[in-house]
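>>> My questions concern the predicted model and sequence given below.
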Amino acid sequence: MELRQAITAVATDDTHVRVSFDNGVVGIFDCSPYMKENYWSALRSPAFFRQVRAEYGMLCWPNDIDIAPEDVWEDSVKC
């Protein structure tokens, strides 16, 4: 499995993030499946969701909420 790191992240709506990876590829990551789980329930708030950032290769939000780089890479629809 190829492991890529997210270097930028911008919310495009209330469930999707546009991610730029360290190899120059850009993808759209759908967070809606994660929002069903308790750990990520804060992402259901649009204002909170839009605080997304890329840090340590992951998608990160306040309060130590994150999504692992391998999931972001594998599940992103590449543009």
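Alright, I've got the coordinates.
>>> Now the spatially most central residue of the chain: closest residue in space that isn't a chain neighbour?
Among the residues of the chain, the one closest to the centroid is L59, at 4.1 Å (Cα atoms, centre = their mean). Nearest non-adjacent residue to L59, counting by Cβ to Cβ, 6 or more residues apart in numbering: I67, 4.5 Å away. C-beta: built from backbone N, CA, C; applies to glycine.
>>> Can you pull the phi/psi pair for the residue nearest to the centre of the chain?
Here is the backbone geometry of L59 (degrees, to the nearest 10): phi -90, psi 130.
>>> correct me, but it touches F49?
No: using Cβ atoms under 8 Å as the test, L59 is too far from F49 to be in contact (10.5 Å).
>>> For the residue nearest to L59, give me its contacts.
When contacts are counted by Cβ atoms under 8 Å, 6 or more residues apart in numbering, I67 touches 29, 31, 34, 40, 58-59.
>>> Just give me the closest of those to V19.
Nearest to V19, judged by Cβ to Cβ, of the contacts of I67 is F29 at 5.4 Å.
>>> element containing that closest one?
Assigned by DSSP states H and E, F29 belongs to strand 26-30.
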